[in-house]
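J.: Give me coordinates for this.
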Amino acid sequence: MSKEVMIVTGAGQISMAIARRMGYGKKIILGDKNENNAQAVAEIMNQAGFDVEPFVMDMSSRNSIQAMVQKATEYGEVKYLICGAGVSPSQAPIEVILQVDLYGTAVLMEEVGKVIAEGGAGVIISSQSGHRLPALTPEQDRALAMTPTEELLKLDFLQPKKIKDTLHAYQLAKRCNEKRTMYEAVRWGERGARINDIAPGIIVTPLAIDEFNGPRGDFYKNMFAQCPAGRPGTADEVADVAELLMSERAQFITGSTYLVDGGATAAYYYGPLQPKIN
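T.: Okay, the predicted model is just below:
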């Protein structure tokens with residue numbers, strides 16, 4: 001008897017936390033660019049009773065994403081997607097952030113949307129950073145949502161010369177994730193499936209530790225110290241939300257973004273994290 005299949009991208013703490021909640025009894029295809037990371041996480045989960053197959057894939061390549069999706073369909077119906085793959089502002093240059101976090105995530109939603117089974121569900125992990133970006137025009141938001149994927153990186157306002165720095169690129173990518181989730185929710189809905197976005201704040205992961213030790217480390221430490229929760233979050237707290245969104249209890253929820261940031265965005269707009277205006 002074939003199992004339901006779950007595609008997971010990004011062999012990181014958040015992806016693994018969600019997969020452990022939702023992946024029991026399923027065939028999990030775990031995609032990551034780093035073969036060692038994928039194999040290590042697969043081994044941990046397999047030793048805990050899961051059925052995980054690591055797959056080396058590149059989020060910046062449509063061919064690579066298609067190969068992973070094709071591999072998944074060989075095991076049965078693709079019922080779930082967890083997209084936790086990405087790079088942070090301290091880990092990559094502007095062009096790579098746009099290729100992986102923006103273009104790659106859009107392609108992944110599109111390609112999985114072609115095969116997702118009825119009753120299926122997906123979650124995209126974006127970031128609170130998308131909510132700190134100043135408002136775009138309605139035309140720009142629509143372009144992020146609806147531009148054909150192969151034309152996304154050709155958009156005028158996504159040209160590297162118009163992007164201030166890697167943080168700005170990351171914010172644009174995460175805004176695109178949210179808009180694209182809304183757009184894809186309509187297409188997934190035609191197949192009887194749902195897709196939602198989770199925008200975490202400071203979650204303690206190896207990626208976050210890179211940020212703590214990077215050029216904006218003090219900024220991030222101040223962010224979680226000054227937010228209402230007064231601390232960073234954990235991957236399992238993100239998984240709490242994902243578990244609901246991917247379950248049958250969330251049948252009326254699709255195309256939505258959920259902030260899981262300890263109130264940091266609220267504090268940024270209406271509290272002690274408000275930027276100082278000169």
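
J.: Please name the bridge partners of the residue most central in space within the chain.
T.: Nearest residue to the geometric centre of the chain (Cα atoms, centre = their mean): Ile125, 2.5 Å. The partner list for Ile125 in beta bridges (DSSP bridges) reads Ile198.

J.: which ones are touching it?
T.: Gly10, Ile14, Ser15, Ile82, Cys83, Gly84, Gly86, Asp197, Ile198, Pro200, Val238 (Cβ atoms under 8 Å, 6 or more residues apart in numbering). Any C-beta I mention is one placed from the backbone N, CA and C, and that applies to glycine too.

J.: And for the fifth one, nearest residue in space, chain neighbours not counted?
T.: Nearest-residue entry for Cys83: Ile124, 4.7 Å, with adjacent residues in sequence omitted and distances by Cβ to Cβ, 6 or more residues apart in numbering.

J.: where does that neighbour land on pLDDT?
T.: For Ile124, the model assigns a pLDDT of 98.

J.: Now do it against Met223, distance only.
T.: As for Ile124, its distance to Met223 is 22 Å (criterion: Cβ to Cβ, to the nearest Å).

J.: Equivalent analysis for Met59, please.
T.: The gap separating Met59 from Met223 is 26 Å, by Cβ to Cβ.

J.: And those two? Which one has more around it.
T.: Between Met59 and Met223, counting by other Cβ atoms under 10 Å, Met59 is the more crowded of the two (25 against 21).

J.: So, low pLDDT: which residues of this structure?
T.: Applying pLDDT under 70 to the chain flags residues 1, 278.

J.: Would you state the helices of it in chain order?
T.: Counting by DSSP state H, one finds helices in the chain at the ranges 13-22, 35-46, 62-73, 94-97, 105-113, 138-146, 166-190, 206-212, 217-226, 235-245, 264-270.

J.: which residues touch the nearest residue to Glu178 once chain neighbours are set aside?
T.: Closest residue to Glu178 apart from its sequence neighbours, by Cβ to Cβ, 6+ apart: Thr257 at 4.6 Å. The contact partners of Thr257, by Cβ under 8 Å, 6+ apart, come to Ser126, Gly130, Glu178, Thr181, Asn196, Asp197, Ile198, Ala199.

J.: Distance to Leu152 and neighbour count added to those residues, as CSV?
T.: Listed next are the contacts of Thr257 as CSV, based on distance: Cβ to Cβ, whole Å; neighbours: other Cβ atoms under 10 Å:
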residue, distance to Leu152, neighbour count
Ser126, 15, 28
Gly130, 15, 22
Glu178, 14, 21
Thr181, 14, 27
Asn196, 21, 23
Asp197, 17, 29
Ile198, 21, 25
Ala199, 20, 23
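
J.: and the closest residue to Glu53 other than its chain neighbours, bridged to which residues?
T.: Distances taken as Cβ to Cβ, 6+ apart place Ile29 nearest to Glu53, at 5.6 Å, with adjacent residues excluded. Applying DSSP bridges to Ile29 gives these bridge partners: Ile7, Glu53.

J.: To Lys154, which of the helices of the chain lies closest?
T.: Of all the helices of the chain, helix 138-146 sits nearest to Lys154, with 10.3 Å by Cβ to Cβ.

J.: Tell me how far the closest one lies from the chain's centre.
T.: 19 Å (Cα atoms, centre = their mean, to the nearest Å).

J.: buried sites along that helix?
T.: In terms of neighbour count (16 or more other Cβ atoms under 10 Å), helix 138-146 has its buried residues at Gln140, Asp141, Ala143, Leu144, Ala145.
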